[in-house]
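K.L.:
Quick check, what structure comes out for this input:
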Amino acid sequence: MTENATTTSPPPTTVRPSWGETLRAYLEPASLRMFALGFSAGLPLLLVLGTLSFRLREAGLDRTTIGYLSWVGLAYGFKWCWSPLVDRLPIPLLTRWMGRRRSWLLLSQGAIMAALVGMALSDPRTGLNVVVWCALAVAFSSATQDIALDAYRIESADARHQGVLAATYQTGYRLAMIWAGAGVLWLAARAEVAPVAQAAAMAVDAIKPEPGALYQNAAWTTAYLVMAASMLVGVVTVLFSREPVQLAVPPARNAAEWFRGAFVEPFADFLKRYGKQALLILALIGVYRISDVVMGIMANPFYVDMGYTKDEVAAVTKIYGVIMTLVGAFIGGALSLRLGVMRVLMLGAILSAASNLLFAWLAGHGHDVTALIAVISADNLSAGVASAAFIAYLSSLTNVTYSATQYALFSSMMLLAPKWLAGYSGAFVDAYDYPTFFTATALLGVPVLALIWLATRLIPLPERPAGS
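P.N.:
Coordinates of the predicted model:
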């Protein structure tokens with residue numbers, strides 16, 4: 001036996017944590033902070049996409065217009081363009097006081113609150129342009145918050161715990177979606193001047209009211225003002241959180257050097273680490289959630305057209321459905337920690353695409369709350385599993401030196417193509433109706449499975465040690 005053979009250490013083995021250790025990870029301070037900040041991140045999204053589409057359809061806007069207005073969400077798809085500024089640019093006075101991540105979080109949260117107030121005070125029937133511009137401001141500010149928050153999360157724990165942080169983040173995010181979905185519908189229904197007995201009677205008699213017939217803008221004003229005040233949860237959390245430890249960035253000697261460090265090096269680093277395989281990674285990221293995103297734009301108009309009331313939609317899709325998503329997120333986070341991210345990534349993709357077929361069945365089933373509960377259960381459970389695994393996967397790809405910029409690139413790629421395609425969803429439904437639309441969105445998920453299979457075999461998932 002050679003000397004090399006006698007002195008070489010055996011390869012390290014991976015120790016699988018016990019279920020008790022896995023569950024305790026959800027109660028660590030970093031996980032609890034991410035739960036609260038996840039609420040702040042989840043609140044604006046529905047208010048400019050899902051809930052807004054319900055409001056616009058009730059106000060009488062046609063589905064084609066609602067589909068095109070969903071392009072407001074493309075702000076999330078282009079956030080990589082200004083992510084280097086969030087990653088490197090200090091905010092005068094605020095950054096010195098709070099640190100780089102927390103200062104950007106606080107600034108973006110204040111902007112979200114102001115734009116939500118603007119949406120609250122506008123009427124889409126007479127001032128649609130104002131609603132759209134305010135929604136765009138909410139989306140831009142929310143995307144900026146996401147950039148800073150993703151960097152905060154990645155820098156708060158090592159790669160092994162990213163699945164747990166993703167699950168707690170998703171928990172807060174989904175609870176905010178309950179409030180921004182069910183809560184805003186419940187508030188709007190309770191703020192209506194006249195009782196909604198007419199709408200309830202129509203639902204019982206299977207009579208679909210004409211779009212715009214039951215719309216009361218003052219009720220939505222009240223609901224959106226409450227949503228703006230709810231962003232204080234994020235503001236308070238940021239004020240009482242600590243700035244994560246970050247790698248020291250040497251000061252730039254001139255503007256060209258700063259531009260190279262902020263804009264060029266984060267993308268060059270990713271290409272250097274993965275080479276030609278970077279194209280496969282970006283392709284997978286770009287289409288992983290395409291089935292859910294494209295289908296989701298027409299979900300609320302679908303509920304309105306099927307005659308479901310605000311209370312029914314709030315209770316089933318916005319409360320019960322989000323609870324099912326939380327269950328799925330915890331399952332996805334735990335399975336990612338025990339079985340590996342890529343296996344759960346494949347499982348989530350299969351479930352997400354298949355669950356869209358249930359909506360095609362529901363479209364031909366009519367107004368049936370029990371059937372809606374069954375469909376929402378399957379769809380949201382699968383979405384939770386997929387989201388937790390996908391966030392953990394994206395986090396593992398980042399270099400903490402450029403965490404905000406690189407993660408913004410990945411999460412932007414996730415939304416860019418799906419959001420652009422989703423803009424045509426209303427026109428597609430008008431041309432082919434809902435069953436064909438939901439079936440088509442399920443088929444969009446088939447290429448995702450092949451990309452995950454290739455990525456699993458060609459690209460090993462990186463492990464990043466704590467503090468690197």
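K.L.:
wait, residue 223 sits on residue 187?
P.N.:
Yes. Between residue 223 and residue 187 there is a contact under CB atoms under 8 Å: 3.9 Å. (Each C-beta comes from the backbone N, C-alpha and C, glycine too.)
K.L.:
Among those two, which residue is more densely surrounded?
P.N.:
When neighbours are counted by other CB atoms under 10 Å, residue 223 and residue 187 differ, and residue 223 comes out ahead with 23 against 20.
K.L.:
List the contacts of that one.
P.N.:
Taking CB atoms under 8 Å, 6 or more residues apart in numbering, we find residue 223 in contact with 120, 183-185, 187-188, 191.
K.L.:
swap in residue 302?
P.N.:
By CB under 8 Å, 6+ apart, the neighbours of residue 302 are 359, 363, 434.
K.L.:
nearest residue to the first one other than its sequence neighbours?
P.N.:
Here the nearest residue to residue 359 in space, its sequence neighbours aside, is residue 438; by CB to CB, 6 or more residues apart in numbering that works out to 4.1 Å.
K.L.:
Mind listing what's buried along the helix or strand harbouring residue 447?
P.N.:
Per DSSP states H and E, residue 447 falls inside helix 446-458. By 16 or more other CB atoms under 10 Å, the buried positions in helix 446-458 come out as 448, 451-452, 455-456.
K.L.:
could you dump these to a markdown table with distance to residue 147 and pLDDT?
P.N.:
Listed next are the buried residues of helix 446-458 as a markdown table, based on distance: CB to CB, whole Å; pLDDT from 0 to 100:
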| residue | distance to residue 147 | pLDDT |
| --- | --- | --- |
| 448 | 25 | 89 |
| 451 | 25 | 89 |
| 452 | 26 | 88 |
| 455 | 24 | 83 |
| 456 | 28 | 82 |
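K.L.:
of the residues you listed, closest to residue 109?
P.N.:
Nearest to residue 109 among the buried residues of helix 446-458, counting by CB to CB, is residue 448 at 33.2 Å.
K.L.:
contacting residues for that closest one?
P.N.:
284, 287-288, 290-291, 349, 353 are the contacts of residue 448 under CB under 8 Å, 6+ apart.
K.L.:
try 10 Å
P.N.:
By CB atoms under 10 Å, 6 or more residues apart in numbering, the contact set of residue 448 is 283-284, 286-291, 345-346, 348-350, 352-353, 386.
K.L.:
What about the residues you listed, which one has the most neighbours?
P.N.:
residue 386 (30 neighbours).
K.L.:
Go ahead and confirm that one touches residue 335.
P.N.:
No. Residue 386 lies out of contact with residue 335 (CB atoms under 10 Å); the separation is 11.5 Å.
K.L.:
can you list residues touching both of these two?
P.N.:
By CB under 10 Å, 6+ apart, the residues touching both residue 386 and residue 335 are 344, 347-348.
K.L.:
how far away is residue 238 from residue 149?
P.N.:
To residue 149, residue 238 is 10 Å away according to CB to CB, to the nearest Å.
K.L.:
Mutual contacts of the two, please.
P.N.:
Residues touching both residue 238 and residue 149 by CB under 10 Å, 6+ apart: 37, 40, 101, 104-105, 108-109.
K.L.:
Closest to residue 296 out of those residues?
P.N.:
Nearest to residue 296, judged by CB to CB, of the shared contacts of residue 238 and residue 149 is residue 40 at 20.9 Å.
K.L.:
For that closest one, which residues are in contact?
P.N.:
By CB under 10 Å, 6+ apart, the contact list for residue 40 reads 105, 108-109, 112, 142, 145, 149, 172-173, 176, 230-238.
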